[in-house]
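> predicted structure and sequence below. I'll ask about it afterward.
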Amino acid sequence: MTSLANNQTNHWQTVQDELRLAISHSGDLRLQVDSLRRENLALHRRIEWFPSQQARAIDKAVSAVTAAVIADSPSRVLQLKDKGVISENVRMLVRDLMSLGIRAKQIKEAIIRVAATAGITVEGNISERTELQIMREGKLLSECQIVNEIRQADSLTLSSDGTHHRHIPHESRHIQLNTIDGKSTARTLGITTAPNHTSDVQAEGWKSIIQSFHDTYNASPLGQHNEADARLFWMKVCGMMTDHAEDQKKLAKVIHEWKLATSREVRTERAVAQAPLPELLLALAEETNAAVARAGGADAWSQLSSEEIETENLRIQQSVANHLGEEAYGALEDTERLVADTFIHGGCCMHKELNAFKGGNTRMTAYWATSSFAGPILLMNRDNEAAAAAGASTARTRALEVSCGRGVKIAELGGSAFRHKHDKKGQQDSARYFFELSLLGKLLTFPDTSNARFRSYGDAASVLVAYLHLFRKLLELIRDKKDSGQLNHLEENIYRGLHDYPTLAELCVLSLYSQAVGHPYMRMVRSPERPNYLTLVDFHRHLLQHIQKLVDDPDLLLSPSALPESATLDGQPWDSPDAIAGIRNLQTNLPYLHPLLVEFLRGALDTWKRFTIEFAPGGIIERLTESQQNLAAMPKNNDRNEGGLGFYRGEKRKAPNMSMDQHNAQVMWGQNNTSTYAQAVPQALLGFVRGLAREREGEGRERKRRREHAEAEESEAAKKRVHREVVQAKKTARFERLKAVHPILRLQDLKKVKVTVVTLDEQLDWHREWVDTAHRNQKEIPTKTKLSNKRRMLRALRSAVRRYNTDSVLRQGAQELLLVAGVVWDEAVYTCDFDEPEEEGAEEDVESEGEGERETGGVCGGGDGGVMDIDGGRRE
């Protein structure tokens with residue numbers, strides 16, 4: 001039986017093998033049939049396509065021969081498109097031309113004209129929309145370039161500035177990429193708008209733009225292979241250059257704190273990720289034991305709720321992470337440690353000079369109040385002059401108080417008359433042509449005080465004293481050619497000021513300071529020499545010493561034989577020898593020139609000391625090592641951002657509808673040298689930016705930016721509206737409360753009541769509301785912040801009561817206000833005979849005013865239930 005079963009099995013096995021072979025053979029036959037069918041179909045198609053293939057071959061041969069002929073001839077062809085697609089070389093050319101300021105609608109014409117000069121014919125077309133799209137691609141390439149360069153730099157410093165354009169805050173930002181060996185590269189991040197100019201909003205703007213650039217990079221093929229962490233940017237920040245405003249100081253502080261927090265976070269993450277598991281578990285165990293011990297032991301720990309245990313576990317994890325992060329900080333290499341420890345806030349040198357000039361002028365103008373000489377004449381505007389001529393009145397007094405004269409005023413008026421910022425106003429080119437025709441023999445452009453340019457007031461003073469007789473003659477010419485034969489009010493003020501010797505003396509001082517200090521300082525901080533702000537310690541020390549030398553010996557500037565080698569900061573020749581000559585001609589008529597110059601120099605020196613505190617001996621900058629100076633290198637001024645904002649305003653006047661992205665694309669492509677970077681990037685990145693640019697175009701980013709700003713303004717308005725309503729409600733409640741107060745108007749009555757802080761506050765508020773109604777800064781009763789204890793409050797109330805009872809005008813005013821408020825005037829309440837003797841101790845020296853600090857609801861002198869007497873003594 002077994003043998004028979006084996007034979008059947010072998011038989012069935014043989015049949016199955018033969019069947020599989022047959023099926024396989026059948027499949028091969030079907031494949032051969034399919035192949036033959038496809039070949040047959042292909043042959044039929046080749047026969048059908050042959051005529052067209054033949055025609056294309058002929059055309060290709062003809063084109064090749066034509067191309068060869070063209071190549072041998074002087075005439076060539078530039079194809080803007082290759083098979084309907086704009087080539088990358090043409091895209092680069094479009095971006096280069098637009099970054100040079102050529103408008104999109106002029107790009108093709110510019111290419112045609114330039115190509116024609118080289119004998120090249122341009123074929124194809126590019127639409128204006130495509131050109132704008134190509135420029136947007138360039139901005140994306142620039143963003144990728146900046147992130148790539150950030151990753152390669154050892155450190156970086158920031159700079160920014162803001163302004164308002166058409167009532168919208170705009171921010172310009174730059175970074176400077178530094179290496180430890182002293183090499184630096186500047187990159188612009190473009191201009192953005194913001195809902196306001198507060199420090200916190202500016203800081204968020206920095207974070208947003210850096211994160212945006214990293215998002216672009218990480219979405220690109222470059223970031224797909226090697227993702228960039230935006231936090232590393234903040235870890236590398238070693239300093240910031242701004243102006244000296246308080247909001248900028250706060251901004252630098254916020255940026256520094258953000259750097260420290262980010263650095264700590266990244267180091268901690270890395271330390272935890274790299275820590276060996278046994279070491280990590282051991283640290284967790286030790287910290288857990290410590291937490292259990294702090295809780296009171298294992299029994300106490302077991303009694304904690306689940307929420308409390310979760311909170312403790314988080315604390316344990318954070319403590320271990322912080323410990324590992326601190327160990328990681330200790331293990332940093334030298335360069336990394338320097339970057340982590342260094343942060344310098346630099347103040348723009350241009351603003352230092354500006355503030356010093358202002359400080360000197362303030363000190364100089366104060367001289368006339370203590371001098372026996374008459375000061376400069378007042379140069380009133382038309383309205384104030386009319387009010388002053390009206391006779392004795394409040395308006396006349398106010399007009400005299402707000403009006404001024406002085407040298408700076410003449411310089412300002414000169415800018416308005418001879419170079420107004422609106423070119424349709426003032427004399428403009430008419431004045432320039434006058435000077436060319438005069439003995440001066442050259443076109444003279446008045447310094448731009450109308451736009452408040454740096455150094456413009458000192459230059460204006462130099463021009464006025466140098467060519468004083470010509471400016472007088474010019475104004476007379478302007479007067480004589482008018483039908484009325486009279487100068488307008490502004491011109492009349494200038495003419496009067498140029499004949500007033502005290503005013504001329506101030507102009508001479510402004511000019512001398514500008515020649516001796518201002519111009520030499522500007523030459524230094526705007527020169528390529530020593531470009532790092534942090535290397536100017538000795539220069540600013542020399543500056544202070546030089547001004548002190550001029551204070552000690554003003555004849556270095558005033559002597560007829562004064563030489564620029566000893567008078568100017570850098571020992572170079574006078575910037576305007578004509579101004580020095582003009583001062584010498586006026587000097588004999590200016591007996592107050594010497595003290596005026598000394599006062600100006602002292603005021604400037606004091607201001608310089610305040611604004612160069614970072615350069616002080618032993619200060620933060622002097623303590624930096626050379627490596628730290630290189631890592632925190634920053635420009636000497638903030639011209640990059642101020643110039644960028646000015647350029648933007650000019651561009652918006654030429655192209656009002658240009659979007660923010662388009663402006664930034666053009667500026668970043670040109671200033672960041674992105675064209676060089678773009679030539680070396682992979683084709684995959686070029687394809688990526690094309691797609692992303694099309695995607696962003698459809699997002700309506702410009703409209704979104706405008707909407708966000710409008711929504712932010714509405715939100716701010718709503719917040720302030722609510723705030724005003726709350727404040728008004730408080731004022732109303734306070735007003736109603738004070739209407740019901742029964743005032744204590746007799747000193748003896750103060751002994752009859754329990755004088756608590758609440759009572760004192762209430763009584764003083766009553767006097768502030770109805771009696772002492774002057775402006776807050778002019779009230780007789782001190783503010784609450786100055787009444788820091790009960791003794792002072794008592795003395796203030798005692799004085800207020802005396803004023804009320806001895807001044808009938810105050811009582812009459814209080815009566816009128818109370819009647820208007822609807823309070824019935826009760827003679828028995830609000831009027832009394834004040835013939836009380838002086839209280840004992842009423843005028844004692846306040847030597848122990850620190851006794852009895854303010855305690856809300858407490859009693860005077862302590863909390864034992866006693867009542868403080870009016871003289872500050874105690875009674876039970």
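Okay, I see it.

> now do the SS call for residue 175.
On the three-state scheme (DSSP: H, G, I helix; E, B strand; the rest coil), residue 175 is labelled strand.

> for the one 10 residues further on, same thing?
On the three-state scheme (three-state DSSP), residue 185 is labelled strand.

> number of residues surrounding the closest residue to it other than its chain neighbours?
Among residues not flanking residue 185 along the chain, residue 177 sits closest, at 4.7 Å (Cβ to Cβ, 6 or more residues apart in numbering). C-beta here means a position set from N, CA and C on the backbone, and glycine is covered the same way. Using other Cβ atoms under 10 Å, residue 177 has 20 other residues around it.

> touching, residue 177 and residue 187? I think so.
Yes: in this structure, residue 177 is within contact of residue 187 by Cβ atoms under 8 Å, at 6.6 Å.

> which residues do these two both contact?
residue 149 (Cβ atoms under 8 Å, 6 or more residues apart in numbering).

> what lines up beside the helix or strand where residue 190 lies in the sheet?
Using DSSP states H and E, residue 190 sits in strand 184-193. Applying DSSP bridges to the sheet, strand 184-193 is found paired with strand 168-178 (antiparallel).

> show me what counts as buried in the strand holding residue 190.
184, 186-193 (16 or more other Cβ atoms under 10 Å).

> out of these, the closest to residue 368 would be?
When the buried residues of strand 184-193 are compared for distance to residue 368 (Cβ to Cβ), residue 191 wins out at 44.3 Å.

> burial check on residue 708, number of neighbours?
12.

> how about the helices in the stretch 601-750 of the chain?
626-631, 639-654, 660-671, 674-678, 683-697, 701-739 (DSSP state H, counting those that start in this stretch).

> now swap in the stretch 301-450 of the chain and tell me
Ranges of helices in the stretch 301-450 of the chain, per DSSP H, counting those that start in this stretch, are 306-330, 334-341, 349-365, 367-370, 382-388, 394-402, 406-418, 429-437.

> wait, which of these is closest to residue 453?
Ranking the helices of the stretch 301-450 of the chain by proximity to residue 453 (Cβ to Cβ) places helix 406-418 first, at 9.3 Å.

> now for that closest one, which elements pack on it?
Counting contacts by 3 or more Cβ pairs under 8 Å, 6 or more residues apart in numbering; DSSP states H and E, helix 406-418 packs against helix 349-365, helix 456-466, helix 489-497, helix 501-513.

> got those as JSON lines, with mean neighbour count, mean pLDDT and distance to residue 166 columns?
Shown next, in JSON lines, are the helices and strands packed on helix 406-418 (neighbours: other Cβ atoms under 10 Å; pLDDT from 0 to 100; distance: least, Cβ to Cβ, whole Å):
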{"stretch": "helix 349-365", "mean neighbour count": "22", "mean pLDDT": "93", "distance to residue 166": "25"}
{"stretch": "helix 456-466", "mean neighbour count": "27", "mean pLDDT": "92", "distance to residue 166": "24"}
{"stretch": "helix 489-497", "mean neighbour count": "19", "mean pLDDT": "90", "distance to residue 166": "27"}
{"stretch": "helix 501-513", "mean neighbour count": "27", "mean pLDDT": "95", "distance to residue 166": "34"}
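
> do you know which of these lies nearest residue 556?
Nearest of the helices and strands packed on helix 406-418 to residue 556, taken as Cβ to Cβ: helix 501-513 at 10.1 Å.

> next, the angle helix 456-466 makes with that closest one.
120 degrees (axes from the mean of the first three to the mean of the last three Cα atoms, to 10 degrees).

> so how far is helix 501-513 from its chain's centroid?
34 Å (Cα atoms, centre = their mean, to the nearest Å).

> so the most centrally placed residue in the chain is in which element?
By Cα atoms, centre = their mean, the chain has its centre lying nearest to residue 161, at 3.3 Å. According to DSSP H and E, residue 161 maps onto strand 155-165.

> hang on, residue 780 packs against residue 801?
No: using Cβ under 8 Å, residue 780 is not in contact with residue 801, being 11.8 Å away.

> those two: which is more packed in?
Here residue 780 and residue 801 are compared on neighbour count by other Cβ under 10 Å; more neighbours surround residue 801, at 24 against 14.

> what's the weakest-modelled helix or strand in the chain?
strand 874-875 (a mean of 34; mean pLDDT, DSSP states H and E).

> ok, now which ones touch residue 121?
So residue 121 contacts 75-78, 115 (Cβ under 8 Å, 6+ apart).

> do that again at 6 Å, thanks
Contacts for residue 121 (Cβ atoms under 6 Å, 6 or more residues apart in numbering) come out as residue 77.

> ok so, going back, could I get the helices of the stretch 301-450 of the chain as JSON lines with distance to residue 484?
Listed next are those as JSON lines, based on distance: least, Cβ to Cβ, whole Å:
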{"stretch": "helix 306-330", "distance to residue 484": "78"}
{"stretch": "helix 334-341", "distance to residue 484": "70"}
{"stretch": "helix 349-365", "distance to residue 484": "34"}
{"stretch": "helix 367-370", "distance to residue 484": "34"}
{"stretch": "helix 382-388", "distance to residue 484": "15"}
{"stretch": "helix 394-402", "distance to residue 484": "25"}
{"stretch": "helix 406-418", "distance to residue 484": "17"}
{"stretch": "helix 429-437", "distance to residue 484": "18"}
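
> and residue 767, how far is that from residue 511?
Look at residue 767 and residue 511: by Cβ to Cβ, to the nearest Å, they are 54 Å apart.

> ok, back up a step: got the angle between the strand holding residue 161 and strand 168-178?
Going by the same axes, to 10 degrees, strand 155-165 makes 160 degrees with strand 168-178.

> just checking, what packs against strand 155-165?
strand 168-178, strand 237-242, helix 639-654 (3 or more Cβ pairs under 6 Å, 6 or more residues apart in numbering; DSSP states H and E).

> next, the buried residues of that strand.
Quick answer for strand 155-165 (16+ other Cβ under 10 Å): 155-163.

> cool, and stretch 676-695?
The neighbour-count check on stretch 676-695 (16+ other Cβ under 10 Å) flags 677-678, 681, 685, 688-690, 692-693 as buried.

> from the residues you listed, pick the one nearest residue 787.
residue 692 (63.8 Å).

> skipping its backbone neighbours, what lies nearest residue 649 in space?
residue 165 is the one closest to residue 649 (Cβ to Cβ, 6+ apart), at 5.7 Å.
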